[in-house]
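A.B. asks: can't give you the sequence, but here's the structure:
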């Protein structure tokens, strides 16, 4: 029994002591939507082709719109040029859970939920966001991402 406990302690300590990623620099900023800070926005920094970085970074904005980027759960980002995507969505079921259960038992298709975009959908794709940010070797702690209303409807999702 003592051997098992000892082995568990050793394994846990190895898992907790993994080395941070070398070369991370601080990166933080704020997201505004039509001039107002917006919370709960998912942000992803994707390295551009030919960038010095080969790792994604991500963050979620706080209620005041501020964010701090992380790479693999370590605070910071590798220097490089990034395409930036942002999204804030919720799903709304078209039917109740009881109706869904009845359809499922009957082997009938369940309607896809509606997606509600709290910021324009175009910001959620590297092809349409239009946002590119360079992080140098010193980092960047004054990132300001300003999103604007865009009433272009999202593309129609293919039926599966």
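C.D. replies: That came through, no problem. Bear in mind the structure is a predicted one, so any value in this text is a computation, not a measurement.
A.B. asks: Which of the helices or strands spans residue 64?
C.D. replies: Under DSSP states H and E, no helix or strand contains residue 64.
A.B. asks: Next, count neighbours for it.
C.D. replies: By other C-beta atoms under 10 Å, 11 other residues sit near residue 64. In short, each C-beta sits where N, CA and C put it, glycine included.
A.B. asks: List the contacts of it.
C.D. replies: 30, 37, 39 (C-beta atoms under 8 Å, 6 or more residues apart in numbering).
A.B. asks: Check residue 66 too.
C.D. replies: With C-beta under 8 Å, 6+ apart, residue 66 has these contacts: 28-30, 37.
A.B. asks: Equivalent analysis for residue 92, please.
C.D. replies: Counting by C-beta under 8 Å, 6+ apart, residue 92 has contacts 113-116.
A.B. asks: If we only consider the contacts of residue 66, which is nearest to residue 88?
C.D. replies: residue 37 (12.6 Å; C-beta to C-beta).
A.B. asks: Let me know the pLDDT of the closest residue to the closest one other than its chain neighbours.
C.D. replies: Counting by C-beta to C-beta, 6 or more residues apart in numbering, the nearest residue to residue 37 once its immediate chain neighbours are dropped is residue 65, at 2.9 Å. Predicted confidence (pLDDT) for residue 65: 98.
A.B. asks: Does residue 65 touch residue 43 like I think?
C.D. replies: No - the pair residue 65 / residue 43 is not scored as a contact, 10.8 Å apart, by C-beta atoms under 8 Å.
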